[in-house]
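**Student:** predicted model follows, preceded by the sequence.
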Amino acid sequence: MKAVLGLGNPGRTYEATRHNVGFQVIRQLAQELGIPLAKKGFKSRFGRGTFNHIPVLLVEPLTYMNLSGQAVKELVATFNLTPSDLIVVHDDIDLELGRIRIKRRGGDGGHKGIRSIREHLGTDEFLRVKVGVGRPGSSTEVADYVLSPFDPQEQEQLKEALSKAVGAVKLLILGEVDKAMNIYNKSKDSSQ
């Protein structure tokens, strides 16, 4: 089984914010794969289904971003998953809007959701799909920036980024990590 976790914050206040692109990717993936996110448990909203005969768990942790590891730890224990079964989708301010980057492992890059997962699992050995949301201008604090909604003129780039992230996740579910990295870790304009 592959578990795809989109990081974000629960509630209407945060729904359309930059920090919630992980949730947005999960929802688009759920729609495309016909897997409703109708179950609650393990500090998460989730759905189970298949993609190309591979069992898939789509998850939105409901612990708030900085505590994402609590939900991930419960899911890993309950579904007998290993860190290599996880695909974590999250926002990244160090990537410009529209860029996608896939990583096999590594540090948290200052992302508190990833930090929480690493701390709770005791490892960094899980796949990540980073979705660029851009860096704020010098007058904007990072916390305020990631908790703000996308500007109207950014909506088309956001739509393309979400589509690319969904494509990347599908390849990762199929075990095509190198192929996904070759396609999506290149330029902003890369697409499948």
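**Tutor:** The structure has been received and is ready for your questions.

**Student:** show me the strands in the chain, by range?
**Tutor:** In the chain, the segments counted as strands under DSSP state E are 2-6, 39-41, 44-51, 54-61, 86-92, 100-103, 127-132.

**Student:** I'd like to know which elements the third one is packed against.
**Tutor:** Spelled out, that is strand 44-51. helix 21-33, strand 39-41, strand 54-61, helix 68-78 (3 or more Cβ pairs under 8 Å, 6 or more residues apart in numbering; DSSP states H and E). C-beta: built from backbone N, CA, C; applies to glycine.

**Student:** figure out how far it is from the centre of its chain.
**Tutor:** Centre-to-centre, strand 44-51 and its host chain are 14 Å apart (Cα atoms, centre = their mean, to the nearest Å).

**Student:** that older thread, out of the helices and strands packed on strand 44-51, flag the one nearest D91.
**Tutor:** Proximity to D91 (Cβ to Cβ) singles out helix 21-33 among the helices and strands packed on strand 44-51, at 4.8 Å.

**Student:** just how off-centre is that closest one within its chain?
**Tutor:** With Cα atoms, centre = their mean as the basis, helix 21-33 stands 9 Å off its chain's centre.

**Student:** cool, stretch 112-123 as well?
**Tutor:** Taking mean C-alpha positions (Cα atoms, centre = their mean), stretch 112-123 and its chain are 14 Å apart.

**Student:** could you do stretch 123-130 as well?
**Tutor:** Taking mean C-alpha positions (Cα atoms, centre = their mean), stretch 123-130 and its chain are 10 Å apart.

**Student:** again, but for stretch 103-113
**Tutor:** Distance, centroid of stretch 103-113 to centroid of chain: 12 Å (Cα atoms, centre = their mean).

**Student:** what does that stretch contact?
**Tutor:** By Cβ atoms under 8 Å, 6 or more residues apart in numbering, the surrounding residues in contact with stretch 103-113 are 7, 22, 65-66, 68, 90-92, 94, 114-115, 118, 124-128, 130, 177.

**Student:** okay then, goodbye and thanks.
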